[in-house]
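Asker: got a sequence here, can you model it:
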Amino acid sequence: MKQTLPTGATLLFQGDSITDCGRARDAAGPNGGLGGGYASLIAARLLAAHPEKNLSIYNRGISGNRILDLAARIRGDVINLKPDVLSILIGVNDTWHEFNYQNGVPVPKYQRLYREFLAEVRAALPKARFVLCEPFVLSCGVVTGAWVAEMNERRAVVAGLAKEFDAVWVPFQTLFDDSLRQAPPAYWAADGVHPTLAGHQRMADQWLAATGLIE
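Answerer: Numbers count the residues shown, from 1 in each chain. Below is the predicted model of the structure:
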């Protein structure tokens, strides 16, 4: 769907290491230190396409975050930044931390906390638009069949929340499943979780197409 950004709009990318992607923690201002992943690629396209709009783009993803970690920093890293567009990709660590460390977040709790997070942001920033990104894994590296089954449940949760909160839905798992017709899983995410440069570029393209922010 075609969307527009008002002059002076603020965009915020939130999530875990896939969003973090080595961002500079000391870059407090917008449009800098955005990391080496899809958030930075999207920012570059938007800033180049809309120099007249004076956009402010932030990346506040933190490696290792689960939904409860993101919820714990909702004011400082979300509400206080007053985003006009809030993009969220969260969920793989909720599964990964359970299978590897027995410290994950069960799917029903994930759903409850995610819904509460979105509701709190909506109450504080009623005009903010949500972009909810489908959590994903590829069948290689650290990923097992049990991971895939649980991640399918998380994908369904986020798809439902996107409808509930009238959010833009970005189907990253579908994107990578389709990409397997061109190259094997490790080409897109060597460990099954963290995208390669090619994977991040595909994500950026998909995000821009879903949001309609680039003609």
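Asker: contacts and neighbour counts: CA atoms only from here.
Answerer: Fine.
Asker: show me where the protein has helices.
Answerer: Assigned by DSSP state H, the chain shows helices spanning 17-20, 38-49, 67-72, 74-77, 92-101, 107-124, 145-164, 172-179, 185-188, 197-211.
Asker: the closest residue to R60 other than its chain neighbours: neighbour count?
Answerer: Closest residue to R60 apart from its sequence neighbours, by CA to CA, 6 or more residues apart in numbering: Q14 at 5.3 Å. Other residues near Q14 number 24, with proximity taken as other CA atoms under 10 Å.
Asker: and for E164?
Answerer: The number of residues packed near E164 is 10, by other CA under 10 Å.
Asker: how much space separates R115 from K109?
Answerer: Going from R115 to K109 by CA to CA, to the nearest Å gives 10 Å.
Asker: which of these two has more residues huddled nearby?
Answerer: Higher neighbour count among R115 and K109: R115, with 18 against 12, using other CA under 10 Å.
Asker: low-scoring stretches of this protein, by residue?
Answerer: Along the chain, the parts satisfying pLDDT under 70 run over 1-2, 28, 215.
Asker: geometric centre of it: which residue is closest?
Answerer: In the chain, the residue lying closest to the centroid (CA atoms, centre = their mean) is L89, at 2.4 Å.
Asker: just checking, that residue touches C133?
Answerer: Yes. The criterion here is CA atoms under 8 Å, and L89 meets it with C133 at 5.0 Å.
Asker: so R122 makes contact with A128?
Answerer: Yes. R122 lies in contact with A128 (CA under 8 Å); the separation is 6.9 Å.
Asker: between those two, which contacts overlap?
Answerer: Common neighbours of R122 and A128, counting by CA atoms under 8 Å, 6 or more residues apart in numbering, are absent.
Asker: neighbour count winner among those two?
Answerer: Between R122 and A128, counted using other CA under 10 Å, the more crowded position is A128 (19 against 16).
Asker: need the contact list for the more buried one.
Answerer: Per CA under 8 Å, 6+ apart, neighbours of A128: P83, D84, V85, L86, R122.
Asker: of the residues you listed, which is the nearest to C140?
Answerer: For those, the residue nearest C140 by CA to CA is L86; the value is 30.1 Å.
Asker: quick one, what contacts R23?
Answerer: By CA under 8 Å, 6+ apart, the neighbours of R23 are G33, L34, G35, G36, N59.
Asker: can you report how many residues neighbour the second one?
Answerer: Each residue near L34 was counted by other CA under 10 Å, and the total is 27.
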